[in-house]
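Trainee: one predicted model, sequence on top.
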Amino acid sequence: MQIRSGQAGNAGESGKPPVSIRQVAAAAGVSIATVSRAINTPAAVAEPTLSRVRAAIAQLGYTPNPLAQALMSGESRVIGIALPWFHGEFFTRMLQGADEEAMRLGYHLLVTSMTRQQTNRRRDRVLGTGLIDGMIVMIDDPNDPLAQDVIEAALPGVVMCTDFSSHGIDSVVLDNKRGTREAVEHLLRWVDASRCYFVGGPLGNVDSQERAATFKAVLAERGHEARPDQISFGEYAVSWGKEWAMRAHQQRSLEGAAILAANDEIACGVLRAAEAVRLWVPDQVRIVGFDDTRLAGIMRPTLSSVALPMEDVGASAVRALVARMERREAPATCVRLPTRLVVRESSTAVTF
């Protein structure tokens, strides 16, 4: 079986069959191997011959097959990105940033998912494709078994969300401390530290852990040691926010409270619960979310939220990976991207 190294990419528009490398070789009066060298290693071909091959390529409209080129050069110009799931604005914005940066640097982006339910298949799915030059992996739990596979892999890799630079893996993370501190200090303008609550995502999630730790530290700076009931963990979901708020209402702790939610969906659930029990936001309950998604601007009242530079997360991860592929022996780095509070109606009586 003969493997062709290319074909025309737009042959379907005219209805004609694709131009093959054999036709280019015949038009230039050279062998197929010479055409291949002219495309992949032009310095190895004499100038008169190279000119004839290039003239034949232009005349016939021949386009090299990128997969065949990858097989010959050892580089696919494809980088992979593996995410827990694809839905939600958080991931959409991050993928947009990654794709635009990959395109700017001359790479294609291959996206896959790696949910915890796929434990037995995740390593091969993420690291064993054989079609990519490097891989970006989102790991939000430092104890995820996949982390060790990424550390030990020969394939160049970058981790998002968790700092693995001490293990020799380039990382891109969010500065959760800055945005969380701004949010808590903002809420403390209105209520006592004993009336502040953090409603987090999963306990093992690194972002949720960092936000909870900063929340606790800011309260401690005000002379208050956070009670166990002031920090809760659950899911990044509206249902969890509503469940927490209804329980807080039953315990008579929701009215007069200030809540920092670990994402906008949790905050939305808290706000819906407050409405259901006829507590006014922000007069009787103040709420700040995290992520600053479009949801924050369309809720009523509009939601104060900590903005995350998700496009920059994706773009920074691509840049870090390309730099790693070009300099395999360079020390590992960690890029920490800033977060900031955006104040809206849900946490202050003043409309911005």
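Mentor: Thanks, I have it. Residues are numbered from 1 along each chain as shown.

Trainee: quick one: contacts for Leu110?
Mentor: Remark: with contacts taken as CB atoms under 8 Å, 6 or more residues apart in numbering, Leu110 is in contact with 78-81, 129, 131-132. C-beta here means a position set from N, CA and C on the backbone, and glycine is covered the same way.

Trainee: so where's this structure shaky on pLDDT?
Mentor: Across the chain, the ranges flagged by pLDDT under 70 are 1-16, 64-76, 86, 114-130, 349-352.

Trainee: tell me the domain boundaries of it?
Mentor: For the chain, the domain assignment from automatic domain parsing gives the residue ranges 11-73, 78-174+310-337, 176-308+341-347.

Trainee: so which of those domains is the most packed in?
Mentor: Comparing these by mean neighbour count (mean count of other CB atoms under 10 Å), domain 176-308+341-347 comes out on top with a mean of 20.

Trainee: which residues touch the closest residue in space to Thr348 that isn't next to it in sequence?
Mentor: Taking CB to CB, 6 or more residues apart in numbering, and ignoring the residues beside it in sequence, Thr348 has Pro282 as its nearest neighbour in space, at 6.1 Å. Listed by CB under 8 Å, 6+ apart, the contact partners of Pro282 are 190, 301, 345-349.

Trainee: what about Ile81, distance to Val137?
Mentor: As defined by CB to CB, to the nearest Å, Ile81 lies at a distance of 8 Å from Val137.

Trainee: Val159: helix or strand, and which one exactly?
Mentor: Following DSSP states H and E, one finds Val159 within strand 157-160.

Trainee: list the contacts of whichever helix or strand comes after that strand.
Mentor: Remark: after strand 157-160, the chain's next helix or strand is strand 170-174, criterion DSSP H and E. By CB under 8 Å, 6+ apart, the list of residues contacting strand 170-174 from outside reads 157-165, 207, 308, 313, 316-317, 320-321, 323-324, 332-337, 339.

Trainee: stretch 202-216 now?
Mentor: By CB under 8 Å, 6+ apart, the residues outside stretch 202-216 that reach it are 140-143, 161-162, 174, 176-177, 180-181, 184, 196, 198, 200-201, 226, 231, 233-236, 260, 262, 290.

Trainee: that one: how far from the chain's middle?
Mentor: 18 Å (CA atoms, centre = their mean, to the nearest Å).

Trainee: and what of stretch 106-116?
Mentor: Centroid separation for stretch 106-116 versus its chain: 10 Å, with CA atoms, centre = their mean.

Trainee: can I get that stretch in CSV? Just the C-alpha atoms.
Mentor: Extracted in CSV, the C-alpha atoms of stretch 106-116 (Å, rounded to 0.1, in the frame of the first residue of the first chain):
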residue,chain,number,x,y,z
GLY,A,106,0.5,28.1,13.9
TYR,A,107,-1.0,25.2,15.8
HIS,A,108,-4.3,23.3,15.6
LEU,A,109,-6.2,22.5,18.8
LEU,A,110,-7.6,19.0,19.6
VAL,A,111,-10.1,18.9,22.4
THR,A,112,-11.2,16.0,24.5
SER,A,113,-13.0,15.4,27.8
MET,A,114,-11.9,13.4,30.8
THR,A,115,-14.6,13.0,33.5
ARG,A,116,-13.9,11.1,36.7
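
Trainee: a markdown table for the contacts of Pro282, including secondary structure and distance to Ala55?
Mentor: Conversion of those to a markdown table gives the following (DSSP: H, G, I helix; E, B strand; the rest coil; distance: CB to CB, whole Å):
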| residue | secondary structure | distance to Ala55 |
| --- | --- | --- |
| Trp190 | coil | 75 |
| Pro301 | coil | 68 |
| Glu345 | helix | 67 |
| Ser346 | helix | 67 |
| Ser347 | helix | 68 |
| Thr348 | coil | 70 |
| Ala349 | coil | 74 |
